[in-house]
Structure formats: C-alpha cells, structure tokens
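J.: Sequence first, then the predicted structure:
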Amino acid sequence: MVSSSSPRSGAYYFSQGWKLISLPGIRRYVFLPLLVNIILMGGAFWWLFSELGGWIPALMSHVPDWLQWLSYLLWPIVVISVLLVFGYFFSTVTNWIAAPFSGLLAEQLEARLTGATPPDTGMLGVMKDVPRIMKREWQKLAWYLPRALVLLMLYFIPGIGQTIAPVLWFLFSAWMMAIQYCDYPFDNHKVPFKTMREALRARKATNMQFGALTSLFTMIPVLNLVILPVAICGATAMWVDCYRDKHAVWK
C-alpha cells in the first residue's frame, strides 16, 4: 500500500484490516494482542450473557408508565445500549493490557506497507516504550471518562434516557474507537494526543465510519474476539494513506 491522495471511506480501511492481519511476517505480531483479546473479551462476554436476563428487566423498570406501550421498541434499544457500554468498557481494559503489543503490531505493519525502518524494533523497543505507552493510555482515559459519565447519567432520565442516550452513546463510542486505534501509529511517531485528535477531526466522516464499524463488531460474539488486531491494522492503513506524510517522524 502506498500513500494515496484520493479520499477513501472508513469502511474501506476497516475491510483492509481483515486482509492485513494475515500478511506474511505480520501474523506473528497479531498473535499477542489477539490472545489478550480472546481471553479478556471472551470471558467478559460469556459473563455478560449469563447476567443479561436479570439486567434488562431492571433497566426497563425505569421506563415511565406513559411509555410502556413502546416497550417492544425500547427493549432492543436497551439491549444494544448494554452491549455498547459493556463492549467499550472491556475493549478499553483489553487495550490497556495489550497496548505495548498493539503499538508493536502497528509499527511493524507500517514498516511493511511503506518500506520504512522504525527506530527501535522488537520486544526490547517495546519494553523501553512501556512507560510512554501507559502515559498515553492515561491521557485517553482522562479525555474519555468525563464525557462517558455525562452520557451514562442520561440513561437515568425517564423516557429521554432510553431513547436519545443510546444514539449519543453509539456516536461517542464510534469516535472513541477511532481515537483508540488510530492512536497507535500516531503514538509510535510521538505525535501529541491533542494533535492526533485534531488530525482525526479533519477527516471526521472517515474516522466515524471506521469507529462505528469497529463498535458494531465489538458487540458481535466470536467476531469481537479478533477485532483488536483487525482495527489496529485498519487504522494503520489509514495512517499510512492519510496522515503519515505530514506527521511521521521516521520515514
């Protein structure tokens, strides 16, 4: 893949992620983030589905009497909302644990796509970068939490919470998924977090499409087990095409 000036959709880069995880020489870097994701996301969603039958009636009890006639419509919205919140929460935990390996995958894939040589490769480079990578994860969490708490509070407003909040949460999750996965190649080049967000906003439609598809696949059992490396690879392809010329440190 070479840098392209023609605009491409977020769906294109998401589909590229599925192809790129199987590239020879890249598969070995996919293994560790994939293993972390399977263990954590697999266990988390197994537990969620065992508890969901008790949670949904409890959440539906907050629907006011005058909206009870809409229960058949609100029920699937509530289920999707729980899956969205839960999926993003555990994908965040997984991303924290897998962050060093995810950064390595993005680095190696970028080198493969561009022919460039990264400054510090391999596990030694990963270990040296762990403090910086963890600091970056804290920055993302500090940006995310206040906004997520406001949206979660909307869920407890009768009527409005069960109708508007799920839509807002999905849009917010899509944006956060774009930030989460696009940040790996940006951070590999030590691009500041604020600068990265500004760059993504310049192509917001593309990134929202990419993030929305990632959010949706995070909710789908089995497919969500492989979404972590897929999203990293798709976001790295987007970085190479859309952002690398302007922001890359090593070329």
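T.: On my side now, so go ahead.
J.: What score does the residue nearest to residue 8 when sequence neighbours are not counted have for pLDDT?
T.: What sits nearest to residue 8 in space, not counting adjacent residues and going by Cβ to Cβ, 6 or more residues apart in numbering, is residue 241, at 6.7 Å. Yep, even glycine has a C-beta here, placed from its N, CA and C like the rest. The per-residue pLDDT reported for residue 241 equals 95.
J.: How about residue 153?
T.: pLDDT, residue 153: 82.
J.: neighbours of it, just the number please.
T.: 11 (other Cβ atoms under 10 Å).
J.: separation between it and residue 146?
T.: Distance, residue 153 to residue 146, by Cβ to Cβ, to the nearest Å: 11 Å.
J.: Next: residue 171.
T.: Residue 171 is 17 Å from residue 146, by Cβ to Cβ.
J.: Look at those two and report which has more neighbours.
T.: A count of neighbours by other Cβ under 10 Å puts residue 171 above the other of residue 171 and residue 146, at 15 against 8.
J.: give me every residue that touches that one.
T.: residue 208 (Cβ atoms under 8 Å, 6 or more residues apart in numbering).
J.: swap the cut-off to 10 Å and go again
T.: 151, 208, 211-212, 215 (Cβ atoms under 10 Å, 6 or more residues apart in numbering).
J.: Neighbour-wise, which one of those leads?
T.: residue 211 (29 neighbours).
J.: Can you check what pLDDT the model gives it?
T.: Residue 211 is given a pLDDT of 96.
J.: Which strand or helix spans it?
T.: Assigned by DSSP states H and E, residue 211 belongs to helix 204-218.
J.: For the helix or strand just after that helix, which helices and strands make contact with it?
T.: Following helix 204-218 in sequence order, the next helix or strand is helix 227-238 (DSSP H and E). Helices and strands touching helix 227-238, by 3 or more Cβ pairs under 10 Å, 6 or more residues apart in numbering; DSSP states H and E, are helix 10-20, helix 27-60, helix 71-114, helix 160-188, helix 204-218.
J.: returning to that earlier point: in the helix holding residue 211, what's buried?
T.: By neighbour count on 16 or more other Cβ atoms under 10 Å, the buried set for helix 204-218 is 206-218.
J.: show me what contacts residue 177?
T.: Residue 177 neighbours (Cβ under 10 Å, 6+ apart): 87-88, 91, 95, 207-208, 210-218, 227, 231, 235.
J.: how close does residue 172 get to residue 201?
T.: 14 Å.
J.: Give me the more crowded residue out of the two.
T.: The neighbour count for residue 172 versus residue 201, taken as other Cβ under 10 Å, is higher for residue 172 (19 against 10).
J.: ok, and the closest non-adjacent residue to the more buried one?
T.: residue 151 (6.0 Å).
J.: tell me what the one helix or strand the one you found maps to is packed against?
T.: Per DSSP H and E, residue 151 falls inside helix 122-154. The contact analysis (3+ Cβ pairs under 10 Å, 6+ apart) places helix 122-154 against helix 71-114, helix 160-188, helix 193-201.
J.: Show me which residues of it are buried.
T.: Buried-residue list, helix 122-154, by 16+ other Cβ under 10 Å: 126, 129, 133, 136-137, 139-140, 144, 148, 151, 154.
J.: and what of stretch 15-35?
T.: 16-17, 20-21, 26, 29-30, 32-34.
J.: For the buried residues of helix 122-154, work out which two are farthest apart.
T.: The span of the buried residues of helix 122-154, defined through Cβ to Cβ, is set by 126 and 154 at 39.3 Å.
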